[in-house]
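Peer 1: Sequence and predicted structure below; questions after.
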Amino acid sequence: MLLCIACVLPFLLPQLSESILTGLCQAIGPRQTFALFVVRWIFYSFLGVGILTLNPFGLGDVADQASQDAFYKVMAPLYQSSAQKDILVVLQNDRTIDALHSQGAIRANEWPLLYQDHGVILERLGRYNARAVFVDVYFKKERSIDSSLPRMERRLQRVQERFKTRYLFAGGYSDEELTPIQKSLDSKFWLTVNGWEGYEKGYPLRDGGRYTSAYELYRIACLGDSPLDSCAKDVLDESPVVEGTALSVRWGSRPAPPPFPEVITDVCSGKQDDIAEMARQLFWGLVNDFVDYDGDQALEVPCPYQQVLFADDLLYFDKMGTPEQKERLRSLVENKIVLYGLHLEGLHGIVRSPVHGLLPGVMLHAMALDNLMSDGQDVVRAANEELDRLNQWAWVVVAGLISLLLLFIDMKGRVNNKWMEYSRSLVVAFGIFSILVLAGGMFLILRYEPLNSIGYLALLGIVGQFVNSELTKRVVIIIERVLK
């Protein structure tokens, strides 16, 4: 309903404005007052819509992404959901591989791991009754020097049958041809789409007729017979998730408490809630957005929002932990959604979070799942054609409001010239207020990703240059001559 009102408003506003302005013009006399208002509105509208549509030099895309990143950086400390405790990320990196090999838990001492080595970790998660385990490791072609794939599959099948843990494997793009190993995994477990194109930074929920990883996990967590307590009451069921539906991933900055603080110290260092740290992240993030500054070290803060457990710590506490630590481990995994991923030197499976900088790619799936579980039907939708049209109409509304303000200033300026002196400042201040109101309404009510506020402010600056300019004065003279 709100979307319909927003779409119809630009059509109603001219009629409403005409009736109001007719009375104003009759009160103040000259017909050119209304004519100048219409000319301004049309000119400002075409100027803004033209720039937003043409996107010269890609500046619109840059401003759009910078606006979104800046907004999410500022809002990150406010994001907190109960789903955080129901999602666990198990990471494998160079250190954990070396530690697991030293313990004798796995055979490989470096990447790539043997299939059976992955099976050791995944089986242990199943034995702790994880509700679902998503394996964010891309198995495309069976290695000729590793014959342990059947062993891994048998391990996981036994666990799946006994403990009812569901295993989902990364399946790549929706349209790629499945190899024999992928067909085998799909028949015994489940393959999900974890790769896509054409969504920019949006996270699609359905692509090529198949649900993506985060939404498949969401279905297991919230759409079954026993949904988790952290799932929003208004669930996002399958019917509105049509082809191309995408969410705009919001990142939280309040990290989950470390599960074993007495032992593990390398999950998180630093305080994301610290105001100075937030200011530093905002500054470097904006610099990187506009000048492509290679500021990985400046951007990175090893404080991911999700609960993180390293693979070697999983096996260590399972075998060597105290009874209290083992019970804590069980509560960390049991009936939870677990995502198993990699963070290895030389591999490109990383994502850039506007809040944290570079993170393992598995964190994107975990954060998208958290958004789905906590927001349900109210997830923030990513940009699409409907949003692009809405952005254009939003600018038409802003242009109309600015033109109304200039009409008011023209009326007051005939009595007090100071109104004309401060007209440009008044237009900019009023424009900023209007943009903030529209941006807040689109995000909080319509649930669209943040408005291109930076682009709109740039347009506002351009409009401000025309206020009381020589061009405007010439237009006034022309209108006066025409209407005489």
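Peer 2: Okay, I see it. None of the values given here were measured: they were computed from a predicted structure.
Peer 1: Only C-alpha atoms from now on, for both contacts and neighbour counts.
Peer 2: Fine.
Peer 1: Just the residues contacting the helix or strand hosting Phe433, thanks.
Peer 2: Secondary structure assigned from DSSP states H and E places Phe433 in helix 423-444. For helix 423-444, contacts defined as Cα atoms under 8 Å, 6 or more residues apart in numbering pick out 380, 394, 398, 402, 405-406, 409, 448-451, 453, 456-457, 460-461, 464-465, 467-468.
Peer 1: Render the CA-only coordinates of it in CSV, please.
Peer 2: Backbone C-alpha positions of helix 423-444 (Å, rounded to 0.1, in the frame of the first residue of the first chain) are rendered in CSV as follows:
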residue,chain,number,x,y,z
SER,A,423,17.9,31.3,-0.4
ARG,A,424,20.7,28.9,-1.4
SER,A,425,21.4,27.9,2.2
LEU,A,426,17.7,27.4,2.9
VAL,A,427,17.3,25.2,-0.2
VAL,A,428,20.3,23.0,0.7
ALA,A,429,19.2,22.6,4.3
PHE,A,430,15.6,21.8,3.3
GLY,A,431,16.8,19.4,0.6
ILE,A,432,19.0,17.6,3.1
PHE,A,433,16.1,17.2,5.5
SER,A,434,13.8,15.9,2.7
ILE,A,435,16.4,13.4,1.5
LEU,A,436,16.9,12.1,5.0
VAL,A,437,13.1,11.7,5.5
LEU,A,438,12.7,9.9,2.2
ALA,A,439,15.7,7.7,2.9
GLY,A,440,14.4,6.8,6.3
GLY,A,441,11.0,6.0,5.0
MET,A,442,12.3,3.8,2.2
PHE,A,443,14.5,1.8,4.5
LEU,A,444,12.3,1.6,7.7
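Peer 1: list the buried ones in it?
Peer 2: Of the residues in helix 423-444, 423-424, 426-428, 430-432, 434-435, 438-442 count as buried by neighbour count, 16 or more other Cα atoms under 10 Å.
Peer 1: Drop anything exposed from the contacts of helix 423-444.
Peer 2: Buried by 16+ other Cα under 10 Å: 380, 394, 398, 402, 405-406, 409, 448-451, 453, 456-457, 460, 464, 467, out of those.
Peer 1: Now, these that are in strands?
Peer 2: For these, not one is inside strands, with DSSP state E as the criterion.
Peer 1: In helices only, show me these.
Peer 2: Secondary structure of these is defined by DSSP state H; positions in helices are 394, 398, 402, 405-406, 409, 453, 456-457, 460, 464.
Peer 1: Return the member of these nearest to Ser213.
Peer 2: Ranked by distance to Ser213 (Cα to Cα), these are led by Ser453 at 31.1 Å.
Peer 1: helix/strand/coil for Pro255?
Peer 2: Taken by DSSP: H, G, I helix; E, B strand; the rest coil, the conformation at Pro255 corresponds to coil.
Peer 1: secondary structure element for Glu262?
Peer 2: Under the assignment here (DSSP H and E), Glu262 is part of no helix and no strand.
Peer 1: ok, it - how many residues close by?
Peer 2: 7 (other Cα atoms under 10 Å).
Peer 1: Please enumerate the strands of this protein.
Peer 2: With DSSP E as the criterion, the chain has strands spanning 87-93, 132-135, 166-170, 191-192, 203-204, 206-207, 210-211, 246-247, 307-310, 337-343, 350-353, 357-360.
Peer 1: Please convert those to a markdown table, extending it with mean neighbour count and distance to Ser253.
Peer 2: Output for the strands of the chain, formatted as a markdown table (neighbours: other Cα atoms under 10 Å; distance: least, Cα to Cα, whole Å):
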| stretch | mean neighbour count | distance to Ser253 |
| --- | --- | --- |
| strand 87-93 | 21 | 15 |
| strand 132-135 | 25 | 23 |
| strand 166-170 | 23 | 26 |
| strand 191-192 | 24 | 28 |
| strand 203-204 | 27 | 19 |
| strand 206-207 | 22 | 27 |
| strand 210-211 | 20 | 27 |
| strand 246-247 | 22 | 19 |
| strand 307-310 | 22 | 12 |
| strand 337-343 | 23 | 19 |
| strand 350-353 | 18 | 10 |
| strand 357-360 | 19 | 11 |
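Peer 1: of all those, which lies closest to Leu390?
Peer 2: Comparing the strands of the chain by their distance to Leu390 (Cα to Cα), the top pick is strand 246-247, with 16.9 Å.
Peer 1: And for the closest one, what's in contact with it?
Peer 2: Strand 246-247 is contacted by residues 199, 202-206, 368, 379-382 when judged by Cα under 8 Å, 6+ apart.
Peer 1: Stretch 226-242 now?
Peer 2: Taking Cα under 8 Å, 6+ apart as the rule, stretch 226-242 contacts 81-83, 86, 205-206, 219-223, 372-377.
Peer 1: Straight-line length of that stretch, end to end?
Peer 2: Terminal residues of stretch 226-242 lie 24 Å apart, using Cα to Cα, to the nearest Å.
Peer 1: pLDDT averaged over it - what is it?
Peer 2: The pLDDT scores in stretch 226-242 average 92.
Peer 1: Report the buried residues of that stretch.
Peer 2: For stretch 226-242, burial by neighbour count (16+ other Cα under 10 Å) applies to 227-228, 230-232, 235-236.
Peer 1: Pro304 touches Pro258, doesn't it?
Peer 2: No. Under the criterion of Cα atoms under 8 Å, Pro304 lies out of contact with Pro258, with a separation of 10.7 Å.
Peer 1: more crowded one of these two?
Peer 2: Neighbours of Pro304 and Pro258, each counted by other Cα under 10 Å, are more numerous for Pro304; the result is 24 against 17.
Peer 1: How many neighbouring residues does the closest residue to that one other than its chain neighbours have?
Peer 2: Computed as Cα to Cα, 6 or more residues apart in numbering, the closest residue to Pro304 that is not its neighbour in sequence is Pro255, at 5.7 Å. Under the neighbour criterion other Cα under 10 Å, Pro255 is assigned a count of 21.
Peer 1: give me the low-pLDDT residue ranges for the chain?
Peer 2: Applying pLDDT under 70 to the chain flags the ranges 1-33, 55-61, 264-302, 413-417, 451-452, 468-484.
Peer 1: how much space between the most centrally placed residue in it and Gln84?
Peer 2: The geometric centre of the chain, computed from its C-alpha atoms, lies nearest to Val249 (Cα atoms, centre = their mean), at 2.2 Å. According to Cα to Cα, Val249 stands 15 Å off from Gln84.
Peer 1: doesn't Gly376 make contact with Ser81?
Peer 2: No. With contacts defined as Cα under 8 Å, Ser81 does not count as touching Gly376, sitting 11.9 Å away.
Peer 1: which of those two has more neighbours?
Peer 2: Applying other Cα under 10 Å to Ser81 and Gly376 shows that Gly376 carries more neighbours, namely 19 against 16.
Peer 1: The residue nearest to that one when sequence neighbours are not counted and Ala439, how far apart?
Peer 2: Excluding the flanking residues, the one nearest Gly376 by Cα to Cα, 6+ apart is Val235, at 4.5 Å. The spacing between Val235 and Ala439, counted by Cα to Cα, is 25 Å.
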